[in-house]
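Q: Need a 3D model of the sequence below.
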Amino acid sequence: MGIFDRFKSNRHVQDKGKDMSDGAERKVNDRTGDKYEGQVDDAQQRIEGSLGMDRDRPDQP
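A: Coordinates of the predicted model:
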């Protein structure tokens, strides 16, 4: 079992990761004046999806 498998199975860590991801997105958008907001959002969704944190999926038990 790799580190990402453990990450995907731990709900508490995923929630913390989402909070950190949202904070990073806000900081980048603040520093760039929201100039790249669409690209930042797309990148955030791809990263979260690859880690099993897809926000569009219903919560898994």
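Q: Looking at the residue nearest the centre of the chain now. What's its pLDDT?
A: Geometric centre of the chain, nearest residue: E48, 3.8 Å, by C-alpha atoms, centre = their mean. On pLDDT, E48 comes in at 85.
Q: go on, P58?
A: For P58, the model assigns a pLDDT of 53.
Q: Check the one 3 residues further on too.
A: Here, the pLDDT recorded for P61 equals 47.
Q: what stretches of the protein score poorly on pLDDT?
A: 1, 3, 7, 54-61 (pLDDT under 70).
Q: 50 instead?
A: 61 (pLDDT under 50).
Q: can you give me the helices for it?
A: If DSSP state H is used as the criterion, the helices of the chain fall at 3-9, 11-32, 37-50.
Q: and the last one with helix 11-32, angle?
A: So the one you mean is helix 37-50. Angle, helix 37-50 to helix 11-32, by axes from the mean of the first three to the mean of the last three C-alpha atoms, to 10 degrees: 160 degrees.
Q: now stretch 23-40: how far from the chain's centre is it?
A: In terms of C-alpha atoms, centre = their mean, to the nearest Å, the centre of stretch 23-40 is set 14 Å apart from its chain centre.
Q: how long is it from one end to the other?
A: Terminal residues of stretch 23-40 lie 12 Å apart, using C-alpha to C-alpha, to the nearest Å.
Q: which other residues reach that stretch?
A: Applying C-beta atoms under 8 Å, 6 or more residues apart in numbering, the contact partners of stretch 23-40 are D41, Q44. From N, CA and C alone the C-beta is placed, and that goes for glycine too.
Q: Buried ones in that stretch, by neighbour count?
A: V28, V40 (16 or more other C-beta atoms under 10 Å).
Q: Hmm, S21 and I47 touching each other?
A: Yes - counting by C-beta atoms under 8 Å, S21 is a contact partner of I47 at 7.2 Å.
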